[in-house]
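K.L.:
Curious how this folds, go ahead:
(2 chains)
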Amino acid sequence: MAKTSVTRRAALRSLGAGAGAIAVLPWLSDEGAQAFAAMQRTGARPALKALTAPQYATLDVLVDAIIPTDERSPGARQARVADYIDLLLSETDAETRQQWVDGLAAVDTEATTRAGAAVVKLSAPQLEGLLTEISRNERQPQTAAERFFVMTKRATIQGYYSSEIGIHKDLRYKGNQFLPEFHGCQTVDGKDCPHCGQKAVV
Amino acid sequence: MQARNNAPAAGAVDPTLALDLSAITAESRKLASAITPNSGPWDVIVVGSGAAGGMAAFQLAMSGIKVLLLEAGRMIDGQKEYRTMEWPYQSMRRHRLPVDERPLAVAEYNFVDRPYGKDPKFEKYKKLTSYAGNAFTHNWVVNEKEHPTTGTPYAWVRARVLGGKTNFWGRGALRYGPLQFKAASLDGFDVDWPIGYEDVAPYYDQVDRLLGCSGTMEGLQQVPDGVFQRPTKLNCVEVSFKRAIAKMGRHFIPGRAGVTTDGVLNNKYRTKCMGRGRCGRGCDLNAAFHSPTALIYPARDTGHVTVRPYSVVSEVLLDAQTNKASGVRVTDMNTREVMDFKARVVILGAGCLDTTRILLNSKSARYPTGMGNSSDVLGRYLSEHLMGIRGSGFIPTRIGTEPTIDDARPVGPYVPRFRNVTDKHPDFIRGYHFQGGGGASEFPGYAADIAGFGKGFKSNVRKYYPALLSLGGFGEVLPVKENRVTLDPEAKDAWGVPVLKFDFKFGDNEKKMALDMADSIEEMLKAAGAEDIRIGREVLPEGWSIHEVGTARMGTDPKTSVTDKYCRLHDVPNVYLADASPFVSGGTQNTTWSILAMCWRTMDFLKEEMRTGRA
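P.N.:
Residues are numbered from 1 along each chain as shown, chains lettered A, B, ... in the order given. Model prediction:
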C-alpha cells in the first residue's frame, strides 16, 4: 500500500522533510565529539569548526531565543546547543552546511530589513518581533528565513532535550533508574490518584 | 545532578560507538578456528542462535543430545554491549551513529532501487544498515552492502551475532490463540493450521515458566492468558484511555513482556527486571529474554553444545541414497573456508526468511528447486504485520501536572484485537491490535509540533510532557501464494550465497484494514477526550514489523505445504524448522513467544523420534 499510495515524488518530498532532520544531525567523528565533550566539561568557548564567529554568535542568539532560560531551568545557550550544531555541521555535507550559512544570512537580512540591525544587535523586543515574523508559517514555511527557523528549532529541540539540563532540570524526567516495582496510576491499586485526580471507583 | 555527570574524560572515545570489541571478536575467531568438521561427532546441527536456535539447542542439550550450534556472526559480550542506562549526553554524539555509518530512512525503502546498498548516495558510508540500526544495535545488525536483497521493497532486519534479534527485540510476548490457529474455519480464507491452540498451549505455559513473562489475566480469547509474573501497571493517562474505551467494549491491558519481573530460579545468568525501561538496547541485567543468557549459555554449560560463530550456512546437504540430510555447508565468515559439517539431524532456525533462503539454495538432482520445495510452496505465503497506522493525543487529566515515572517497565499497554472477534466487519477479514502507551518519556518527541518559540514554547513542552498518549497498529497481513521470495538468479551476498528476491505487497484486505485502523484509533482518542489528536495514516514499508512468517508453511498435505505438523520437511524427514517459517498465518501478535513455544514442541517430538531410533 505504501508503494501504491506514495508516489516517487511524495517519497522524495517526505525524504526532503527527513533530510531536514538529517541535515542538522549528521554523524560526528571521534575528534569532533571529543571537542564537544571538552567544551561541555570546561564551559570554554568553542573552537569553531564549521561556522565563523559571527555566524556562531547569531546562531547562539537564535537557539537561546527558541529555548530561553526561565524560572525552571537554563536555556539552550547554557546547554551549548549552538556548539553542538556547529560540530554537527562540521561533518555534514557541503550542501547542508551551505543551507545553514545561507539561512543565517537570510535571518540577518530579515533583521536588518525589519529593525535596521543584525540579529546579534537586536533588543529583546526586536528579537521577539523577528522570531514572531519568521515563525508565522511554521507549518508550511515559505521564505528562506522561515525555513531556517524550522530547521533551527528542530535542531534546538534535539540538542536541548538530549542535554542534561533539558532532561533533568527542565523536563524533570524521572525514569531510567533502578526501580524494583513500577507504580502506575494510583487507581490501579484501588486508591484515588493524586497525580491525575482520577477516582479509584468510577 | 553530579551523580549523573558521567562525561567521559578528556581523550576518551565515544563510549557508545567506539566499543572495544577486540576481545570478543578474538574469542569468536578462536572458537571458529578450533571447531572443524572433525571436532564432532554431533547428533544435531542447529543453524541460528536467536529465539529458535537457542530454544532448540537448549531443549536438546538438556536431554543429553550433542548439538553443534552454528551462528553466522560473532559471539556477544552483553556486559559491554548492552548499554542499557546510558543517557544521551553521556554519548558525545547524543546516540547518533559514527560518521561512516547510517541506517536506511523510511522513504528510502520505497524509492531507492534494490539492492539498497548499491545506490551511489551510500558510497561514502562504510556500513548501511536497515532502519533498525542505531547507536545500540549497530554492531549487531547486518550491513546492507554485504547482505543485499532484490525485488520489491522490503525492510528486512537481520542481526548476525550470538542471540540475533533477541538482543534488542521489543519484548512483546503474546500468544496466538484459537482465532489464529483456526482462522480459516472462522472466515473461510485460506487454510487452518494443522494444529490447534490446545496443541501449543502447554508449551506456551512452559516457556512462560522457563523464561518469565509479565502480564495480567484477562480471559480474552483473542490473546490467551499465560503463566504470568508480576505485571506492569497502567499509568495515569493510560487509565483515562482505558476507562474511555471500556465504554466502547474495548480493552486496554498491561503489556505482556518476555521479561522476568520476579526472577527465574533456573538460570544463573539472569536477574529480575528493575524497571529501567530500556529493554530495546539490550538488558544488562538479562531480565529481558535474550537467547544467549536465557538459553545458549545454560545449554552450553551442560557440555553438550558446541557453539561455532562466524559460520555462514549456505545449504543443507542431501544424501541422495537415503534421501536424508547429511549436514550443512558452512563458509567461515572471516577465512572464507568452506566446510561440510555432518550430523543425524539438521534444524534450521536462521529466521523465517534466511531459513527459506538456505532451503531454496539446497539444490540437488532430486530437489532441483530447493530442498522442501516439491510442492512449489517454499518461499510463498510470506506474511508479516501491517504497521504505520498510529495516533496520538494529550490526555486532559495530566496536562499541566508534574511528571511521574511513567515508562519504568518493559512494554507499554495493549489494545487487543476487537475486529472480527465476535462480530464481522463488512470491509475486511482478520484484525489488528494497538501497542503504545503514554506519560512522560525521556525525549519529548512532540515538541517539534508545538508552535512558537521562547518561554511560551518551553513551558508548553513541559505542560504536555506527562499527558501524551500514543498508539501504533499491528495488522494481520493475509497469507497469499503470490507474496513470495525466490533466489535471485544473479545477485549474491558477500559470501557468495544467492540472495532473496522479494515479490511482496500488501493487498486489498490490508488496505481496507488500514483505513479502519486509522478511524478506530481516532475514535478512541476522541472518546478519551484527547487534545491535539494526530493520526498517522501512512503505512510503513513492507517488512517493517520484523514479524515475517510463513514461507515454509506447515500442513498435512505434502502437495500444499512444506512441513508436517511437527515442522519437519515433508521432503526430507530429518530436517526440522525451528523459527516462524512454518507458521500458516501471523495473527496480529508479535511472533517471538510463539517461535519459542512451537520450537519446544518440535524438539519434544524430535527427541522422541531420536529416542526411538526413528530419527
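K.L.:
And B:Phe434, its phi and psi?
P.N.:
phi -120, psi 140 (degrees, to the nearest 10).
K.L.:
burial count for it?
P.N.:
Using other C-beta atoms under 10 Å in any protein chain shown, B:Phe434 has 28 neighbouring residues. Just so you know, the C-beta spots here come from the backbone N, C-alpha and C atoms, and that holds for glycine as well.
K.L.:
tell me the contacts of it?
P.N.:
B:Phe434 is in contact with B:Tyr414, B:Val415, B:Leu471, B:Gly472, B:Gly473, B:Phe474, B:Ile521, counting by C-beta atoms under 8 Å, 6 or more residues apart in numbering or on different chains.
K.L.:
how much space is there between it and B:Arg250?
P.N.:
For B:Phe434, the distance to B:Arg250 equals 9 Å [C-beta to C-beta, to the nearest Å].
K.L.:
again, but for B:Val46
P.N.:
41 Å.
K.L.:
who has more neighbours, the two?
P.N.:
The neighbour count for B:Val46 versus B:Arg250, taken as other C-beta under 10 Å, is higher for B:Val46 (35 against 19).
K.L.:
how about the more buried one, secondary structure?
P.N.:
Secondary structure, DSSP: H, G, I helix; E, B strand; the rest coil: B:Val46 is strand.
K.L.:
I figured it was touching B:Leu69, is that so?
P.N.:
Yes: B:Val46 is within contact range of B:Leu69, at 4.9 Å (criterion: C-beta atoms under 8 Å).
K.L.:
For B:Asp406, give me the pLDDT.
P.N.:
For B:Asp406, the model assigns a pLDDT of 96.
K.L.:
Spit out the contact partners of it.
P.N.:
Contacts of B:Asp406 by C-beta under 8 Å, 6+ apart are A:Gly175, A:Gly184, B:Asn235, B:Cys236, B:Val237, B:Gly437, B:Gly438, B:Gly439, B:Ala440, B:Ser441, B:Pro466.
K.L.:
Tell me which entries of the residues you listed lie within strands.
P.N.:
B:Gly437, B:Gly438 (DSSP state E).
K.L.:
between the contacts of B:Asp406, which is closest to B:Trp193?
P.N.:
For the contacts of B:Asp406, the minimum distance to B:Trp193 (C-beta to C-beta) is 31.2 Å, reached by B:Gly437.
K.L.:
And for that closest one, the neighbour number?
P.N.:
The burial count for B:Gly437: 25, using other C-beta under 10 Å.
K.L.:
wait, what's in contact with it?
P.N.:
By C-beta under 8 Å, 6+ apart, B:Gly437 lies in contact with B:Asn235, B:Glu238, B:Gly255, B:Asp406, B:Asp407, B:Gly412, B:Pro413, B:Leu469, B:Ser470, B:Leu471.
K.L.:
helix, strand or coil for the fifth one?
P.N.:
It stands for B:Asp407. Assigned with three-state DSSP, B:Asp407 falls in the coil class.
K.L.:
What values do phi and psi take at it?
P.N.:
Main-chain torsions, B:Asp407, degrees, to the nearest 10: phi -120, psi 20.
K.L.:
which residue packs closest to it, ignoring adjacent ones?
P.N.:
B:Gly277 (4.4 Å; C-beta to C-beta, 6 or more residues apart in numbering or on different chains).
K.L.:
Report the rounded mean pLDDT for the helix ranked longest in chain A.
P.N.:
Longest helix in chain A, counting residues (DSSP state H): helix A:94-115. For helix A:94-115, mean pLDDT is 94.
K.L.:
Please list all residues in contact with B:Gly263.
P.N.:
For B:Gly263, the contacting residues are B:Gly212, B:Arg270, B:Thr271, B:Lys272, by C-beta under 8 Å, 6+ apart.
K.L.:
Among these, which one has the most neighbours?
P.N.:
The most crowded member of the contacts of B:Gly263, judged by other C-beta under 10 Å, is B:Gly212 (29 neighbours).
K.L.:
B:Asn266 is in contact with that one, correct?
P.N.:
No: in this structure B:Gly212 lies outside contact range of B:Asn266 using C-beta under 8 Å: 9.8 Å.
K.L.:
Show me the common contact partners of those two, please.
P.N.:
Listed as contacting both B:Gly212 and B:Asn266 by C-beta under 8 Å, 6+ apart is no residue at all.
K.L.:
pLDDT wise, what is residue 31 at?
P.N.:
Looking at chain A here, since you left the chain open. Per-residue pLDDT puts A:Glu31 at 56.
K.L.:
To clarify, I was referring to chain B.
P.N.:
We note a pLDDT of 98 for B:Leu31 in this prediction.
K.L.:
Sort out which residues of the one helix or strand B:Ile347 maps to are buried, please.
P.N.:
Here B:Ile347, judged by DSSP states H and E, is contained in strand B:345-348. Using 16 or more other C-beta atoms under 10 Å in any protein chain shown as the test for burial, strand B:345-348 gives B:Val345, B:Val346, B:Ile347, B:Leu348.
K.L.:
tell me the contacts of the last one?
P.N.:
Remark: with contacts taken as C-beta under 8 Å, 6+ apart, B:Leu348 is in contact with B:Val47, B:Gly48, B:Val316, B:Thr355, B:Ile358, B:Leu359, B:Val575, B:Tyr576, B:Leu577, B:Ala578, B:Asp579, B:Ser581.
K.L.:
so which of the buried residues of strand B:345-348 comes closest to chain A?
P.N.:
Chain A lies nearest to B:Leu348 out of these, by C-beta to the nearest C-beta, at 30.2 Å.
K.L.:
which sections of chain A are below the confidence cut-off?
P.N.:
A:1-46 (pLDDT under 70).
K.L.:
brain fart, the stretch 1-150 of chain B
P.N.:
Using pLDDT under 70, the flagged stretches of the stretch 1-150 of chain B are B:1-17, B:92.
K.L.:
what about the helices in it?
P.N.:
In the stretch 1-150 of chain B, the helices defined using DSSP state H, counting those that start in this stretch lie at B:22-34, B:51-62, B:78-81, B:106-111.
K.L.:
And chain A, by the same measure?
P.N.:
For chain A, the helices defined by DSSP H cover A:2-5, A:8-24, A:30-42, A:53-66, A:81-90, A:94-115, A:124-134, A:144-160, A:164.
K.L.:
How about chain B?
P.N.:
With helices called from DSSP H, chain B shows them at B:22-34, B:51-62, B:78-81, B:106-111, B:178-181, B:183-187, B:197-211, B:236-246, B:291, B:297-301, B:352-360, B:454-464, B:508-527, B:592-611.
K.L.:
pretty sure the residue nearest to B:Asp407 contacts B:Gly412?
P.N.:
No: in this structure B:Gly277 lies outside contact range of B:Gly412 using C-beta under 8 Å: 9.6 Å.
K.L.:
Nearest to chain A among the contacts of B:Phe434?
P.N.:
B:Gly473 (12.9 Å).
K.L.:
residues contacting the closest one?
P.N.:
Taking C-beta under 8 Å, 6+ apart as the criterion, B:Gly473 is in contact with B:Leu386, B:Met387, B:Gly388, B:Ile389, B:Arg390, B:Tyr432, B:His433, B:Phe434, B:Ala514, B:Met517, B:Ile521.
K.L.:
If I look at the fifth one, what pLDDT would I see?
P.N.:
Read it as B:Arg390. Listed pLDDT for B:Arg390 reads 96.
K.L.:
ditto for the first one
P.N.:
Among the per-residue scores, B:Leu386 shows a pLDDT of 97.
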